[in-house]
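K.L.:
got a sequence here, can you build the structure:
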Amino acid sequence: MNIRLATKDDTKFISELYTEFYVYNAAQQPQYYVPATEIGKYPNTIIDSKDGDIIVAVADDVIVGFIHIEADRTPSYPSVVPRRFACIVDFIVAEQHRKTGIGRLLLEEAKLWASSRQLEYLELTVLENNDVGRSFYERENFSAVSQTMRLDI
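P.N.:
Below you'll find the predicted structure:
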C-alpha cells in the first residue's frame, strides 16, 4: 500500500472513485443527491489548488481510496476564536477495500498534511444517516461540535 499526493496522472482513477462516492451519497439521501459521473474536471481543480490536495491510497497500481483535504480558517467574526484548520471535503475507500485499514492510513496521512501546515485540527461533515462513516469517525476520535438542521418549506 502506498499513500501519496495525487497527480494529474491519477485523474481517471480518482474520477471513478468520485463517481462511486456520488452514487453512495445519492443512495444515502436521494432527496438531496443524485448519482453523477465525474469526468475529471473537479479532481484536477483540487490537484491544481494551492490550499488543498487529494491524498490517495494505491494498491497494485490502482487508487483504492482518497481524501480531499483543504486548509481553512474560521470566519473573522469578533465573537469567534480565530483558528486555522484542515477540512476533509471528501473521503472514500472503494467498497471492496473497506475494513482493511486503508481509511485509517489515509486519515493518518491527512493528520500529517495538516500538521505540516501548522493547522490546529481536522474537520469534516458526514451525512446524518451514514452510519458506517459516522462509526469510523467516532472510532478515530472525531466528535460532533455542531449539527446542520434543515426544514423543508
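K.L.:
all strands of the chain, in order?
P.N.:
Applying DSSP state E to the chain gives strands spanning 2-5, 52-59, 62-73, 84-93, 122-124.
K.L.:
got JSON lines for those, with mean pLDDT too?
P.N.:
Below are the strands of the chain laid out as JSON lines (pLDDT from 0 to 100):
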{"stretch": "strand 2-5", "mean pLDDT": "97"}
{"stretch": "strand 52-59", "mean pLDDT": "97"}
{"stretch": "strand 62-73", "mean pLDDT": "97"}
{"stretch": "strand 84-93", "mean pLDDT": "97"}
{"stretch": "strand 122-124", "mean pLDDT": "97"}
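K.L.:
of all those, which one is nearest A114?
P.N.:
Of all these, strand 84-93 sits nearest to A114, with 3.7 Å by C-beta to C-beta. (Glycine included, C-beta is placed from N, CA and C.)
K.L.:
partners of that closest one, with directions?
P.N.:
strand 62-73 (antiparallel), strand 122-124 (parallel) (DSSP bridges).
K.L.:
tell me what the spatially most central residue of the chain is bridged to.
P.N.:
The centre of the chain sits closest to D90, judged by C-alpha atoms, centre = their mean, with a distance of 2.4 Å. According to DSSP bridges, the residues that bridge with D90 are H68.
K.L.:
give the other helices and strands that the lengthiest helix in the chain contacts.
P.N.:
Taking DSSP state H as the criterion, the chain has its longest helix at helix 11-28. Packing contacts for helix 11-28, counted by 3 or more C-beta pairs under 8 Å, 6 or more residues apart in numbering; DSSP states H and E, involve helix 41-48, strand 52-59, strand 62-73, strand 84-93.
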